[in-house]
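A.B. asks: One predicted model, sequence on top.
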Amino acid sequence: MVKNVLCLALGGHICNQNASFRRLIDILEPKEYKFFGGKDGFKCFETRTAYELEVNNIPKDFAGFVAGSGRYSLKDKQGNIDPEKMQKARDFIKKGKFDAIVGSGGDDHSMQMHILSKELGNLADFYVINKTMDNDLGGKKAYTDFTNGFHSAVSHGVEMIHQHYSGAWTNDLPYLVGHFGRESNWVGIALTYWGLADKFIYGELPENHPGHSIEKIYETIINAQDKNEKEFGRRFAMVVVPEGTRISGFEHASKDLVDEHGHHKLQPELLVSQLKTELQKKYNLKTQTLGITYEMRNFRPTMRDNGFGELSAIMISGEIKDGNSGTETVFKIQDNKIYGGTDKIENVAQKRFANDYDKPLIDKENFEVTDEIGKYYHALFGNRKKRQDILPKKLKSISFD
């Protein structure tokens, strides 16, 4: 008997979702599974629309998911399960005669899948392929060491930083690099380390923290410029500023734009623009801004990230065949090697912060990233380049006074 599988891309999309679902279909279609893509994720419960999926209509090197992705919550504004939304989900699953639902989701949407598994587990089996370019899944116990989408996001960001060193060098300017990363420091730490940036204006600040002072940030940038002038003869600097940080007196969270999970939209471009303005007004320090945002989602996935997506499909296909509902894919790093596996959705969906790591990843006094991130993720990203590999040599300065 043919079994129907509904595939859902949930929340913000990542680069390798098409690769994951394509590989899943490739594995299970010969075993009498038929696949459908819910139009724009959970929104298909409202629109009652899905697309037929086949291997040949899913390009694995095209970022995102061909059936669309969307943000959605099964809960009301008070945080309770919305019975009307749950009924729509129930009706759609019944009408489509779906035997299994596979979602590609981060912490919020994985927990939505967990809710569906508990509430509608008598109708279908529920599975999750882990997903978030922010890399903030797994909880304090690190049920997963990293996530789908993280490799592409960091790799594209690092390449952009390396390219923009030419502008920083040529114009003797600090560059302020704003990027996505709402709540965790993982992406910013990796961008700083492999991007060879000078400083990291880190987030994950305690609730009562007033935010980094503009004075401290100014001093930090000057420190980087002084070091670079001594080594390279130019007063450039590369400073990574995640959207999840806070700067005293700045407001870059929209008061009007709020997503389905109650998150106010952060605006990293506005944050670095405000910082640029204040540094010049207060200290006459000219800077340039660089935004690394949708490139992290929209650019072609890296080959490695596609490989992780396909590994996830292999892991979850086994769970589907065995009927192990309520599971989510994980990646574990052991002895500098990467292994795929699965765990319970409710375990993997827990938020994981860089501050949870058992070794210090940030030198917070100096706003610098330590070598610990390079050790932890060596299996993922390998050795970083040296600045001498991407920057010109120091020129001999001659004075004609």
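C.D. replies: Right, received. Where do you want to start?

A.B. asks: Please make it C-alpha for all contacts and neighbour counts, starting now.
C.D. replies: Will do.

A.B. asks: chain center to stretch 44-62, what's the gap?
C.D. replies: Counting by CA atoms, centre = their mean, to the nearest Å, stretch 44-62 is centred 22 Å from the centre of its parent chain.

A.B. asks: Show me which positions of that stretch end up buried.
C.D. replies: By neighbour count on 16 or more other CA atoms under 10 Å, the buried set for stretch 44-62 is 44-45, 48, 50, 53-55, 58, 60-62.

A.B. asks: So which of those residues sit within strands?
C.D. replies: Restricting those to those inside strands, with DSSP state E as the criterion, leaves 50, 53.

A.B. asks: Make JSON lines out of the buried residues of stretch 44-62 and add distance to G38.
C.D. replies: Supplementary listing: those in JSON lines, determined by distance: CA to CA, whole Å:
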{"residue": "C44", "distance to G38": "5"}
{"residue": "F45", "distance to G38": "8"}
{"residue": "R48", "distance to G38": "8"}
{"residue": "A50", "distance to G38": "4"}
{"residue": "L53", "distance to G38": "10"}
{"residue": "E54", "distance to G38": "14"}
{"residue": "V55", "distance to G38": "16"}
{"residue": "I58", "distance to G38": "14"}
{"residue": "K60", "distance to G38": "18"}
{"residue": "D61", "distance to G38": "20"}
{"residue": "F62", "distance to G38": "18"}
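
A.B. asks: how about JSON lines for the buried residues of stretch 44-62, with pLDDT and distance to P210 added?
C.D. replies: As requested, the buried residues of stretch 44-62 are exported to JSON lines (pLDDT from 0 to 100; distance: CA to CA, whole Å):
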{"residue": "C44", "pLDDT": "98", "distance to P210": "42"}
{"residue": "F45", "pLDDT": "97", "distance to P210": "42"}
{"residue": "R48", "pLDDT": "98", "distance to P210": "46"}
{"residue": "A50", "pLDDT": "98", "distance to P210": "47"}
{"residue": "L53", "pLDDT": "98", "distance to P210": "50"}
{"residue": "E54", "pLDDT": "97", "distance to P210": "52"}
{"residue": "V55", "pLDDT": "97", "distance to P210": "51"}
{"residue": "I58", "pLDDT": "98", "distance to P210": "47"}
{"residue": "K60", "pLDDT": "96", "distance to P210": "44"}
{"residue": "D61", "pLDDT": "98", "distance to P210": "43"}
{"residue": "F62", "pLDDT": "98", "distance to P210": "41"}
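
A.B. asks: List just the nearest of the buried residues of stretch 44-62 to L380.
C.D. replies: Nearest to L380 out of the buried residues of stretch 44-62 is D61 (CA to CA; 19.5 Å).

A.B. asks: so the closest one sits right up against S20, yeah?
C.D. replies: No: if you go by CA atoms under 8 Å, D61 and S20 don't touch, sitting 10.7 Å apart.

A.B. asks: Would you state the helices of the stretch 201-350 of the chain in chain order?
C.D. replies: Under the criterion DSSP state H, counting those that start in this stretch, helices of the stretch 201-350 of the chain are mapped to 214-232, 268-283, 295-298, 303-322, 345-348.

A.B. asks: Pick the most deeply packed of those helices.
C.D. replies: Highest mean neighbour count among the helices of the stretch 201-350 of the chain (mean count of other CA atoms under 10 Å): helix 345-348, with a mean of 24.

A.B. asks: who's in contact with that helix?
C.D. replies: Helix 345-348 is contacted by residues 107, 110-111, 113-114, 127-128, 130, 137-139, 143-144, 326-328, 330 when judged by CA atoms under 8 Å, 6 or more residues apart in numbering.

A.B. asks: From the residues you listed, which land in strands?
C.D. replies: Counting by DSSP E, the part of those found in strands is 127-128, 130, 327-328, 330.

A.B. asks: mind listing what's buried in stretch 81-99?
C.D. replies: Applying a neighbour-count criterion of 16+ other CA under 10 Å, one finds 81, 85-86, 88-90, 92-93, 98-99 buried in stretch 81-99.

A.B. asks: How much space separates the residue most central in space within the chain from L176?
C.D. replies: Residue closest to the mean C-alpha point of the chain, counted by CA atoms, centre = their mean, is M133 at 1.6 Å. Counting by CA to CA, to the nearest Å, the gap from M133 to L176 is 21 Å.

A.B. asks: Low-confidence regions, the stretch 251-400 of the chain specifically.
C.D. replies: Flagging of the stretch 251-400 of the chain using pLDDT under 70 yields the residue ranges 252-266.

A.B. asks: picking up where we left off before, between the buried residues of stretch 81-99, which sits nearest K286?
C.D. replies: The shortest distance between K286 and any of those, using CA to CA, involves I81 and amounts to 50.3 Å.

A.B. asks: what pairs with the closest one across the strands?
C.D. replies: Listed by DSSP bridges, the beta-bridge partners for I81 are K75.

A.B. asks: picking up where we left off before, can you tell me which two in the ones in strands among the contacts of helix 345-348 are farthest apart?
C.D. replies: Y127 and V330 (12.1 Å).

A.B. asks: wait, isn't E243 in contact with S184?
C.D. replies: No: under the criterion of CA under 8 Å, E243 is not in contact with S184, lying 9.7 Å apart.

A.B. asks: List the residues that are in contact with both of the two.
C.D. replies: By CA under 8 Å, 6+ apart, E243 and S184 have no common neighbours.

A.B. asks: Neighbour count for those two, which is higher?
C.D. replies: The neighbour comparison of E243 against S184 (other CA atoms under 10 Å) goes to E243, with 30 against 26.

A.B. asks: Just list the residues touching the more buried one, thanks.
C.D. replies: Each residue near E243 by CA under 8 Å, 6+ apart is listed here: 178-182, 266-268, 271.

A.B. asks: With A224 instead?
C.D. replies: Shown here is A224, whose contacts under the criterion CA under 8 Å, 6+ apart are 198-199, 236-237.

A.B. asks: measure it to E231 for me?
C.D. replies: Taken as CA to CA, the spacing of A224 relative to E231 amounts to 11 Å.

A.B. asks: are any of the contacts of helix 345-348 buried, and which?
C.D. replies: Judged by 16+ other CA under 10 Å, buried ones among these: 107, 110-111, 113-114, 127-128, 130, 137-139, 143-144, 326-328, 330.

A.B. asks: contact partners of whatever helix or strand K88 lives in?
C.D. replies: For K88, the element it lies in under DSSP states H and E is helix 83-96. Surrounding helix 83-96, the residues in contact under the criterion CA under 8 Å, 6+ apart are 4, 45-46, 48, 74-75, 120, 123-124.
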